[in-house]
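J.: From the sequence below, what's the structure:
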Amino acid sequence: MKSRLMQKKHISILILEICMILLSLLIIVPLLIMIFGSLKTPARAARFSLELPVEMLFSNYTYVIKKANIFRAAMNSIIVTFCAVSVCIFCSALVSFLAARKRSGFTKFLNIYFLAGLIAPVQIITTFGLLHILRLNGTYPGVILVFSAIQMSWGVFMFTGFIETVPKELDEAAFIDGYPPLRVFFSIILPLLKPITVTTVVMLAIFIWNDFQIPLYFFNTAKSWTLPLTVYNFFGRYFNYWNYVFANLVLVALPVTVLYLFGQKYVIDGMTAGAVKG
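T.: Take a look at the predicted model:
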């Protein structure tokens, strides 16, 4: 009986692994086509095949860097992503500390409010009108605030769940020692949030860096465009030259890929820390 159960369990695990491999191919195959295509001639890249490049044409990347103003777009992406993530992390952590520690009608409303933000779509027209009234339309602060507002719900969701696993006795001991609430948070709670902070930083940076819609709608000039918009602009001019388009896509994805690889350990720790502590 036990051997049959074990056999069924192994078969179920094998089927699950096969399904996961097949699903992963949906991402891996297009990724390889993009990488290989970025090093091919226009004719070979247009085949969208997995064949290896006959000759490694790294000159495709040089051409794209010059023609697509990659460095200026990269600087725009860095400014927007860094500032938006910083604002979102700071505000999310403070709100989450209040929501996780103080049980009241107001904090329950906060939790519901930010939870609704995870599923509520962005209202482009009204947001555009609000930024116009505030004279922030087409500016870095305007786009940064929009990104921060959109991603705040995700940040609060992540931090609240983690802070609830931190023993309240630490707060009570600090209050007895005369610490004000803000000092309790920055001196005691915040250092314990390193795993979830790094996790949230990496995830938010990926979301914001790759976002196409917000910069397109809220930046008035091409000089302020971020890296994903260079793909949109570049594809419009070179839609018959897929080698250049693929090279542009690789350059756009490379920074956040490197960021994720460096922060992968912390991302895994942050995702599992709450369960381990619980």
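J.: only C-alpha atoms for contact and neighbour calcs from this point on.
T.: Will do.
J.: which stretches of the stretch 1-150 of the chain form strands?
T.: Taking DSSP state E, counting those that start in this stretch as the test, none of the stretch 1-150 of the chain falls into strands.
J.: What ranges does the stretch 51-200 of the chain have for its helices?
T.: 59-67, 70-101, 105-117, 124-133, 140-163, 169-176, 181-184, 190-192, 194-210 (DSSP state H, counting those that start in this stretch).
J.: For Asn220, which of those helices is the nearest?
T.: With Cα to Cα as the measure, helix 140-163 is the member of those nearest Asn220 (10.7 Å).
J.: I'd like to know which elements that closest one is packed against.
T.: helix 70-101, helix 105-117, helix 194-210, helix 213-218, helix 242-277 (3 or more Cα pairs under 8 Å, 6 or more residues apart in numbering; DSSP states H and E).
J.: Just name the most buried of the ones you listed.
T.: Most buried of those, by mean neighbour count (mean count of other Cα atoms under 10 Å): helix 194-210, with a mean of 21.
J.: Just the C-alpha atoms of that helix, please, in CSV.
T.: Extracted C-alpha coordinates of helix 194-210, given in CSV (Å, rounded to 0.1, in the frame of the first residue of the first chain):
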residue,chain,number,x,y,z
LYS,A,194,16.6,43.8,5.5
PRO,A,195,15.4,40.6,3.7
ILE,A,196,12.0,42.0,2.8
THR,A,197,13.4,45.4,2.0
VAL,A,198,15.9,44.0,-0.6
THR,A,199,13.1,41.8,-2.0
THR,A,200,10.8,44.7,-2.4
VAL,A,201,13.5,46.9,-3.9
VAL,A,202,14.3,44.3,-6.5
MET,A,203,10.7,43.6,-7.4
LEU,A,204,9.7,47.3,-7.6
ALA,A,205,12.8,48.2,-9.6
ILE,A,206,11.9,45.5,-12.2
PHE,A,207,8.3,46.7,-12.4
ILE,A,208,9.2,50.4,-12.7
TRP,A,209,12.2,49.9,-15.0
ASN,A,210,10.2,47.8,-17.5
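J.: Reformat the helices of the stretch 51-200 of the chain as CSV; add mean pLDDT and distance to Phe219.
T.: Formatted as CSV, those follow (pLDDT from 0 to 100; distance: least, Cα to Cα, whole Å):
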stretch, mean pLDDT, distance to Phe219
helix 59-67, 88, 20
helix 70-101, 91, 11
helix 105-117, 81, 23
helix 124-133, 88, 11
helix 140-163, 90, 8
helix 169-176, 82, 44
helix 181-184, 82, 36
helix 190-192, 86, 34
helix 194-210, 89, 15
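J.: what's the closest of these to Thr257?
T.: Nearest of these to Thr257, taken as Cα to Cα: helix 194-210 at 8.5 Å.
J.: Compute the inter-axis angle for that closest one and helix 140-163.
T.: 150 degrees (axes from the mean of the first three to the mean of the last three Cα atoms, to 10 degrees).
J.: oh, and call the first residue 57 from now on, that's how I've got it
T.: All right, first residue 57 from here; so that's helix 250-266.
J.: What is helix 250-266 packed up against?
T.: So helix 250-266, by 3+ Cα pairs under 8 Å, 6+ apart, packs with helix 126-157, helix 196-219, helix 283-293, helix 298-333.
J.: out of those helices, which comes closest to Leu72?
T.: Ranking the helices and strands packed on helix 250-266 by proximity to Leu72 (Cα to Cα) places helix 298-333 first, at 21.2 Å.
J.: Quick check: the closest residue to Ile180 other than its chain neighbours vs Phe215, distance?
T.: Leaving out its chain neighbours, the residue that sits closest to Ile180 by Cα to Cα, 6 or more residues apart in numbering is Tyr273, at 7.9 Å. Per Cα to Cα, to the nearest Å, Tyr273 is found 30 Å from Phe215.
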